[in-house]
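A.B. asks: Attaching a predicted model along with its sequence, questions to come.
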Amino acid sequence: MHNTKKLFIFIPSIEDGGVEKNLYIVTNFLTNHIDNINIITFNTDKKKKFSNKVNFICTNFSNKKNYGRYFKYFFCLILLIKEILNNKKNCLVFSWQANIYSIIVCYFLGIKIISRSNTSPSGWSKNFFKNIIFNFFLKKADTLIVNSLSFKKEMDKKFNVRSKLILNPFHISYIKKKSNEKIKNLFFKNNALKVLNIGRFTDQKDQITLIKAAAIALKKINLKLFIMGKGKLEESMKNYIKKNNLFRYVHIIGYKENPFKYIKRSDIFVLTSKFEGFPNVLVECQILKKYIISTDCPTGPREILQNGNLGGLVKIGDHNSIAEILINFDKKKEIKKINKAYNLVKKYDHKKSCILYLREIKKYL
């Protein structure tokens, strides 16, 4: 240990997604090898997830949950600039969010920065002016980290950079242990085919496509669909369920601290995203031996499911194909795929990925 520079992890908005799961695992691993780790964030409600060796640098705003992402980005960028100047530039920035803004700040202040991208450029680079800015500034990061091979190919080609691939870390034994906890939801004890989706209720995750698929499948089979998460589209999803008389079969069950016990008791997991970076939940389902149906969205699912050899791949928005797979699902026929996927999850072990993160950071400390 005894590094001379301060490490600032920049993540203005700590929420409840896969990015945050990765953040907790990587940061807590780093505390055993690096001194002086600081997190610049607007959210302090997740402090308990981190080692007490981590120092939080945050705002004093009350009722922090009511502020939007861009508001959080702005104030945390001010904090970042302040910390860089106060530490006489003797620091390294590791950006997990608002990457282009933090790269710009570090570029003009002459600070080394490692930037970790979480989402495929397909989701955020459609604007012409954005593309010009990203094309220029992404090259200014000292290291660009991505989390899937297809993501790397897309990033490198689009922005003419040489990104570094580090797979997302998964604490496999922890996931298995948490999956054994008891479940209180009575619907999960039903004999119907139990279908699960987990994700924020946003246009990106496109749960409406899955609800449409369930409506078609229900004409042929006994099915229960559980949608876990929270987000701005919850009300419109509930209205769609009510309007189509699906409320006995489609259940929105909210955000759960422990999703693994629900995954374990499901039959099929379905991801309907329009774009991703690397959807953690698919690997979590493989660890718990679940059959997966996913949209073939950029990036991650095709790689995780090995071109459809480890699960079902469908076109984005194709509710008919999802319905067809649900109707014809036979676990006995798919058990080979499920077991093959399970036998491959060792490559995602958190220690392997965390060591690669540590090596990259130590280059600059």
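C.D. replies: Yes, it's here.
A.B. asks: wait, what's in contact with the nearest residue to K53 once chain neighbours are set aside?
C.D. replies: Nearest non-adjacent residue to K53, counting by CB to CB, 6 or more residues apart in numbering: T31, 4.2 Å away. (Glycine included, C-beta is placed from N, CA and C.) The neighbours of T31, taking CB atoms under 8 Å, 6 or more residues apart in numbering as the test, are 37, 51, 53-54.
A.B. asks: Pipe the residues you listed into TSV and attach pLDDT per row.
C.D. replies: Below are the contacts of T31 laid out as TSV (pLDDT from 0 to 100):
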residue	pLDDT
I37	96
S51	95
K53	95
V54	96
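A.B. asks: So which of these are in strands?
C.D. replies: Secondary structure assignment by DSSP state E places I37 of the contacts of T31 in strands.
A.B. asks: what's the most distant pair in the contacts of T31?
C.D. replies: Pairwise distances across these peak at 8.4 Å for I37 and S51 (criterion: CB to CB).
A.B. asks: Please enumerate the shared neighbours of these two.
C.D. replies: Taking CB under 8 Å, 6+ apart as the criterion, I37 and S51 both touch 27, 31.
A.B. asks: Please name every helix or strand in contact with the one helix or strand in the chain whose mean pLDDT sits lowest.
C.D. replies: Within the chain, no helix or strand scores below helix 128-137, which has a mean of 86 by mean pLDDT, DSSP states H and E. Applying 3 or more CB pairs under 8 Å, 6 or more residues apart in numbering; DSSP states H and E, one finds that helix 128-137 contacts helix 99-109.
A.B. asks: if we can go back for a sec, between I37 and S51, point out the one with more neighbours.
C.D. replies: I37 (22 against 13; other CB atoms under 10 Å).
A.B. asks: so where is the protein shaky, pLDDT-wise?
C.D. replies: Residues of the chain meeting the criterion pLDDT under 70: 1-3, 61-65, 122-126, 185-189.
A.B. asks: just checking, next helix/strand downstream of the least confident helix or strand of the chain?
C.D. replies: Next along the chain after helix 128-137, taking DSSP states H and E as the criterion, comes strand 143-146.
A.B. asks: Not counting that next one itself, show me its contacts.
C.D. replies: Outside strand 143-146, the residues touching it (CB under 8 Å, 6+ apart) are 114-117, 138, 152, 155, 161-166, 277, 357, 360, 363.
A.B. asks: Can you give me the buried ones in stretch 132-150?
C.D. replies: 134, 137-138, 140-148, 150 (16 or more other CB atoms under 10 Å).
A.B. asks: Contacts only, for C354.
C.D. replies: Taking CB under 8 Å, 6+ apart as the criterion, C354 is in contact with 25-26, 29-30, 169.
A.B. asks: Show me where the stretch 151-300 of the chain has its strands.
C.D. replies: For the stretch 151-300 of the chain, strands defined by DSSP state E, counting those that start in this stretch occupy the ranges 164-165, 193-198, 223-228, 250-254, 268-271, 291-295.
A.B. asks: Of all those, which one comes closest to K88?
C.D. replies: When those are compared (using CB to CB), the closest one is strand 164-165, at 28.3 Å.
A.B. asks: that older thread, quick check, nearest of the buried residues of stretch 132-150 to V314?
C.D. replies: Nearest to V314 among the buried residues of stretch 132-150 is S150, at 16.9 Å by CB to CB.
A.B. asks: Need phi/psi at the residue nearest to K53.
C.D. replies: T31 has phi and psi values of phi -60, psi -20 when expressed as degrees, to the nearest 10.
A.B. asks: This completes my enquiry, with thanks.
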